[in-house]
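S.K.: Sequence and predicted model, in that order:
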Amino acid sequence: MQIFLSEYPTIGATLRRSRQAKRLSLRISSLDGRITITGPHFVPESTFQDFLDNKAEWILSNHKHIERIIVDDGTSVPVLGKPHLIRTTNMRKISVVDDQILVPRRSSSIGAQVKGFLKSLARDHLAQASDHYAQRLGHSYQGLRLRDTRSRWGSCSSDGHLMYSWRLVMAPRDVLNYVAAHEVAHLVEMNHSKSFWSVVHDIYGDYEQPRDWLRTSGNQLHRYNFIS
Ligand SMILES: [Zn+2]
């Protein structure tokens, strides 16, 4: 039988009971992305469900065949890496309260409003991070642009203009900061040489973790479709 992630109901898992199983285990097929939870016969279905939900974050970052998410009332969208539930309200301005994004009921679509909100939040955070690392580096940049690029998370032109994907605001804060440090480091090293990486290390610190996160989970940020 199939059970589904409570927060991401488009993602299902096959529940399998086995005489050999002593505890619950979950695997994602590397061939087709199919998720299977195996457990002993005596374990109730609700325990399987809890087990699946507890693994949501891990599943999302490891699942290769994930469907697009249409952003709307009731959708969960990460803000700086933390899931936020979208709710419509009678308030006049979009706001974040605890782990919810409260969106006014208006004629413009919820997705469009959330996208606009995330973009301006992205600009704030990326400008702040770029300023911070540029100051550490002792170089200034010429300007900052946001785009929705699939191929790269950021770039730095030879005349000192920084470009970032606004979707980075959905990534954990460390990841956003790392991309800013990376692009700022290109102000002095327009390559990916050893000396470039030592500049990144000087201004940011250990960058392996956020770099790995982008490689393994970065694609997740492109699943969200804001045209609703
Ligand atoms: Zn680079």
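M.R.: Sure thing, it's come through. Predicted, not measured: the structure shown is a model, and the values here were computed from it.
S.K.: Find me the pLDDT at Arg27, would you?
M.R.: Looking at Arg27, its pLDDT reads 90.
S.K.: hmm, I was thinking of Glu7
M.R.: Note on Glu7: pLDDT of 81.
S.K.: Tell me, how many residues neighbour Leu168?
M.R.: A total of 27 residues lie near Leu168 under the criterion other C-beta atoms under 10 Å. (Each C-beta comes from the backbone N, C-alpha and C, glycine too.)
S.K.: A strand includes it, no?
M.R.: No - Leu168 is assigned helix when assessed by DSSP: H, G, I helix; E, B strand; the rest coil, not a strand.
S.K.: Name the nearest residue to it, sequence neighbours excluded.
M.R.: Excluding the flanking residues, the one nearest Leu168 by C-beta to C-beta, 6 or more residues apart in numbering is Leu176, at 4.7 Å.
S.K.: which SSE is the one you found in?
M.R.: Leu176 is part of helix 173-185 when elements are defined by DSSP states H and E.
S.K.: Beyond the helix or strand containing Ser120, next helix or strand please.
M.R.: Taking DSSP H and E as the definition, one finds Ser120 inside helix 110-137. Of the helices and strands lying after helix 110-137 in sequence (DSSP H and E), the nearest is strand 143-147.
S.K.: could you give the angle of that next one to helix 110-137?
M.R.: In terms of direction (axes from the mean of the first three to the mean of the last three C-alpha atoms, to 10 degrees), strand 143-147 departs from helix 110-137 by 150 degrees.
S.K.: Downstream of strand 143-147, the next helix or strand is which one?
M.R.: By DSSP H and E, the next helix or strand past strand 143-147 is strand 154-156.
S.K.: Report all helices and strands that that next one contacts.
M.R.: When contacts are defined as 3 or more C-beta pairs under 8 Å, 6 or more residues apart in numbering; DSSP states H and E, strand 154-156 sits against strand 161-165, helix 173-185.
S.K.: OK, contacts around Ile35?
M.R.: The neighbours of Ile35, taking C-beta atoms under 8 Å, 6 or more residues apart in numbering as the test, are 11-14, 26-29, 59, 63.
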